[in-house]
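Novice: one predicted model, sequence on top.
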Amino acid sequence: MPDLLLELRSEEIPARMQRKAAGDLRKTLTDGLVEAGLTYEAGREYWTPRRLALDIRGLTARSKDIREEIKGPSTTAPEQAVQGFLRKAGLSSIAEAHVHSDPKKGDFYVAHISKPGRAAEEIIAELVPGIIKNFPWPKSMRWGPASAKPGSLRWVRPLQSIVCTFGPETEEPVVVDFEVDGIRSGNVTYGHRFHAPGPITVRRFDDYVSKLEAAKVVLDADRRKEIILADARNVAFANGLDLVEDEGLLEEVAGLVEWPVVLMGEFEQDFLTIPAEVIRLTIRANQKCFVTRPQGAAEDLSDRFILIANIEAKDGGKEIAYGNGKVVRARLSDALYFWKTDQGDLPDLGTLQESAAKFDLDLKKPLDQRMARLDHLNVTFHAKLGTQGARVERIERLAEELAPTVAKSISPLEGEMAGRPEGVAAREAPTSSALRGSVGAPGETPPSVAFGDIFPSRGEITALVARAAVLAKADLQTEVVGEFPELQGAMGRKYALLQGEHPSVAAAAEEHYKPQGPSDRVPTDPVSVAVALADKLDTLTGFWAIDEKPTGSKDPFALRRAALGVVRILIENRIRLGLTSVFAKAFASFAGGAAQISDLLGFFHDRLKVYLRDQGARYDLIDAVITPQSDDLLQIVRRVEALGSFLDTEDGKNLLAGTKRAANILAAEEKKKTLVAETVEPALFREDAEKSLFVAVNQAEKEAGQAIQNEDFSAAMLSLSVLREPVDSFFEGVLVNDEDQAVRANRLALLARIRAATDQVADFSKIVG
């Protein structure tokens, strides 16, 4: 079977676009080939900074002949319908059509279309120019004299040559001939820009790869990544260091070089006084270099960095490393200036008194000054939601409201705190296992709770929460965050510690943004938890109030992530919180927001379902437990767990079958308007099974209701298990639809009691099985 080689060589393609562009090229070409009637065995894309390449194996040499019939209108149809049929079938006159007869529909026209197969080379030559001209680059350009003409070729960077060969391994491949804006396809490519800039004639993919390798081009991006990572680790190890690995940076630098050469540069140790995160981002963002740390060190960095060159220099790369070092030093000098400036007084300190008084700030402290400036400058959060200062006020109020509930739910281990006064350290609670069983009973300590060096009393937590909420956004006015927005929060924590804030307040500056994704950890310090919840709930209620909700795949303000963050914080910290009342308090800051409470609660139900399904919970059990009014997410989770455990037992399975049978009979009779008694009358019982079921229902209803009131959902399920045998006996020995209308209505009322008893726990009709 023939193989196809395609290469599009251009000036340097931005690294961030390469992988997707190669994938788009493969998809558009293979889709086009299949649509044209060809098949292929395998296809793989490759890319370097200067080329996109495709290797299509086992492509059929010719498309199949096609015979098809196109049914047309009746022979008595008006002329307009006939002309439409001719255009559709590609016929020049109705004389070219055939007449078929149908006993019911009469005579009608049919076009017999025969399309001979086409050579693959012809299809490729027709397909590729269109793909190139309509390629979906995020950004593209025109160049040269031809760019002045309308409809001229656009490409991400000037396109220089096209290689397109086709043929089987046993024969000499042919060049598929076509032209795109004056660039004619051929079998000539070029190697490394500096090491091997001359022409290279290629035949098929295998010799294409080997000749490029000899010309200092590693075609496979994943192989370039492997070379870079292995060599970088080795260079670092040889110098007594460990490489600080960075997958995103590795992907980027692999897209910047065709022939990776790993070198080491250095800078002055004085720069190591800058926080490690700032050094790493400075070197990463500006020079695309990796940082290193002393072997065995957890956080500290070394004064050496790893850079990736694209050439093998005659001096071994000394000048390249020296030049990069000069640039790194200049950038680190800027970072050091930012770091020191953020710890000093602001020049406009005298204008910040009013804002300082509003938030009870101490203008002797640098971070307080930044918060005062954030408010004073009226920095906009959103055009319809006001300033950042107004938002901080809302977050502070809501966080203080939440603080007592959070403090009550998150407390130190009883055993560890026994005999200790409030304020004595309580370190970490043991971690828990998977979700099922991880939620635990009320009062249990959540996994990995670390409250700082001193665990505050519950009364102190509210004060700390207020302080943390006020300072949480202050680092937005720092120089470092202005330069590196991704350090927002992390720098707030560092600056807060430097000015002597309580460790929990400092932690909240960083942790209130968490979790930032499904794999990110949730905050567990009660101060961080309260501020994180307030921050996310203010965002959600604000955007709901102005009707800026997620629609379809669009979620520009990451509201789904915010809601999922609230879900995870509440469940994984085992916090009982009535969302309806919290929404009402949060919406009070926005005109007309209260009308959105039920809609926002439904949005949270959807996020909870996503979360629980990801944890392995059954969708039908979730639907059986959630009602439109359910606003305690932790209670929903406990109900789902208890229901799942109960249905795994024989009693649970049998009761489910009996309950669903009762519900189905009752629903069918209610639909037929059959009379159902309002109450069950024991005097109308004729069978012992009726009496036994009545007694069991009374017992189950009472015990399950009491267990639910005590929030012991496992006990509630256990209470329902007494119904299993009486329900089975009832359906075996009792005919519900008795001829006596009063008896029938009474028995239907008994079934309604079964439904009511089980509905206290879950809607069994929604459970599959």
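Specialist: That came through, no problem.

Novice: which helices and strands sit right next to whichever strand or helix holds residue 745?
Specialist: Element membership for residue 745 (DSSP states H and E) is helix 741-759. In terms of contacts (3 or more C-beta pairs under 8 Å, 6 or more residues apart in numbering; DSSP states H and E), helix 741-759 is packed against helix 650-671, helix 688-709. Backbone N, C-alpha and C define where each C-beta goes, glycine included.

Novice: what distance separates the last one from the centre of its chain?
Specialist: Using C-alpha atoms, centre = their mean, to the nearest Å, the distance from the centre of helix 688-709 to the centre of the chain it belongs to is 46 Å.

Novice: same check, this time on the first one
Specialist: Relative to its parent chain, helix 650-671 has a centroid offset of 40 Å by C-alpha atoms, centre = their mean.

Novice: what is the neighbour count of residue 336?
Specialist: 17 (other C-beta atoms under 10 Å).

Novice: for the stretch 451-600 of the chain, which residues score under the pLDDT cut-off?
Specialist: Residues of the stretch 451-600 of the chain that meet the criterion pLDDT under 70 lie in 451-456.

Novice: now the stretch 201-350 of the chain
Specialist: In the stretch 201-350 of the chain, no residues with pLDDT under 70.

Novice: looking at the helices and strands packed on helix 741-759, which has the lowest confidence?
Specialist: Mean pLDDT across the helices and strands packed on helix 741-759 is lowest at helix 650-671; the value there is a mean of 85.

Novice: thinking again about what came up before, redo the helices and strands packed on helix 741-759 as TSV? Include mean neighbour count.
Specialist: Below are those laid out as TSV (neighbours: other C-beta atoms under 10 Å):
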stretch	mean neighbour count
helix 650-671	17
helix 688-709	18
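
Novice: assumed residue 170 was part of a helix.
Specialist: No. Under DSSP: H, G, I helix; E, B strand; the rest coil, residue 170 sits outside any helix and is assigned coil.

Novice: burial count for it?
Specialist: Using other C-beta under 10 Å, residue 170 has 6 other residues around it.

Novice: can you pull out the strands in the stretch 51-200 of the chain?
Specialist: For the stretch 51-200 of the chain, strands defined by DSSP state E, counting those that start in this stretch occupy the ranges 51-57, 66-74, 98-102, 106-115, 159-167, 174-175, 179-180, 183-186, 188-190, 199-201.

Novice: out of those, which comes closest to residue 554?
Specialist: When the strands of the stretch 51-200 of the chain are compared by C-beta to C-beta, strand 51-57 sits nearest residue 554, at 29.9 Å.

Novice: buried ones in the closest one?
Specialist: Buried residues in strand 51-57, counted by 16 or more other C-beta atoms under 10 Å: 51, 52, 53, 54, 55, 56.

Novice: dump the residues you listed to CSV, plus distance to residue 124 and pLDDT.
Specialist: Below are the buried residues of strand 51-57 laid out as CSV (distance: C-beta to C-beta, whole Å; pLDDT from 0 to 100):
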residue, distance to residue 124, pLDDT
51, 18, 98
52, 16, 98
53, 15, 98
54, 11, 98
55, 14, 97
56, 9, 97
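
Novice: doesn't residue 396 fall inside a strand?
Specialist: No. Using three-state DSSP, the assignment for residue 396 is helix, not a strand.

Novice: which of the helices and strands packed on helix 741-759 sits closest to residue 464?
Specialist: Comparing these against residue 464 with C-beta to C-beta, the closest turns out to be helix 688-709 (34.5 Å).

Novice: thinking again about what came up before, CA-only coordinates of the helix holding residue 745 in PDB, if you can.
Specialist: Provided in PDB are the C-alpha atoms of helix 741-759 (Å, rounded to 0.1, in the frame of the first residue of the first chain):
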ATOM      1  CA  GLN A 741     -64.100  -0.300  46.300                       C
ATOM      2  CA  ALA A 742     -63.600   0.500  50.000                       C
ATOM      3  CA  VAL A 743     -61.100  -2.300  50.400                       C
ATOM      4  CA  ARG A 744     -59.300  -1.400  47.300                       C
ATOM      5  CA  ALA A 745     -59.000   2.300  48.300                       C
ATOM      6  CA  ASN A 746     -57.800   1.200  51.700                       C
ATOM      7  CA  ARG A 747     -55.100  -1.100  50.200                       C
ATOM      8  CA  LEU A 748     -54.000   1.700  47.900                       C
ATOM      9  CA  ALA A 749     -53.700   4.000  50.900                       C
ATOM     10  CA  LEU A 750     -51.500   1.400  52.500                       C
ATOM     11  CA  LEU A 751     -49.200   1.500  49.400                       C
ATOM     12  CA  ALA A 752     -49.200   5.300  49.800                       C
ATOM     13  CA  ARG A 753     -47.900   4.900  53.300                       C
ATOM     14  CA  ILE A 754     -45.100   2.700  52.000                       C
ATOM     15  CA  ARG A 755     -44.200   5.400  49.600                       C
ATOM     16  CA  ALA A 756     -44.300   8.100  52.200                       C
ATOM     17  CA  ALA A 757     -42.200   6.100  54.600                       C
ATOM     18  CA  THR A 758     -39.400   5.500  52.000                       C
ATOM     19  CA  ASP A 759     -39.700   9.100  50.700                       C
END
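
Novice: any idea of the angle that helix forms with helix 688-709?
Specialist: On the basis of axes from the mean of the first three to the mean of the last three C-alpha atoms, to 10 degrees, helix 741-759 is oriented at 30 degrees to helix 688-709.

Novice: now helix 741-759: how far from the chain's centre is it?
Specialist: The chain centre lies 47 Å from the centre of helix 741-759; the measure is C-alpha atoms, centre = their mean.

Novice: thinking residue 335 is in contact with residue 280, fair?
Specialist: No. Using C-beta atoms under 8 Å, residue 335 is not in contact with residue 280; the gap is 10.4 Å.

Novice: tell me who's in contact with residue 50.
Specialist: 9, 10, 11, 12, 13, 193, 258 (C-beta atoms under 8 Å, 6 or more residues apart in numbering).

Novice: select only the buried ones of those in PyMOL?
Specialist: Here is the PyMOL command that selects the buried residues among those (16+ other C-beta under 10 Å):
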select buried, resi 9+10+13+193+258
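
Novice: can I get the contacts of residue 50 in TSV including distance to residue 722?
Specialist: Shown next, in TSV, are these (distance: C-beta to C-beta, whole Å):
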residue	distance to residue 722
9	78
10	76
11	79
12	75
13	71
193	82
258	75
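
Novice: just the contacts of residue 50: which are in strands?
Specialist: Among these, the members falling in strands (DSSP state E) are 9, 10.
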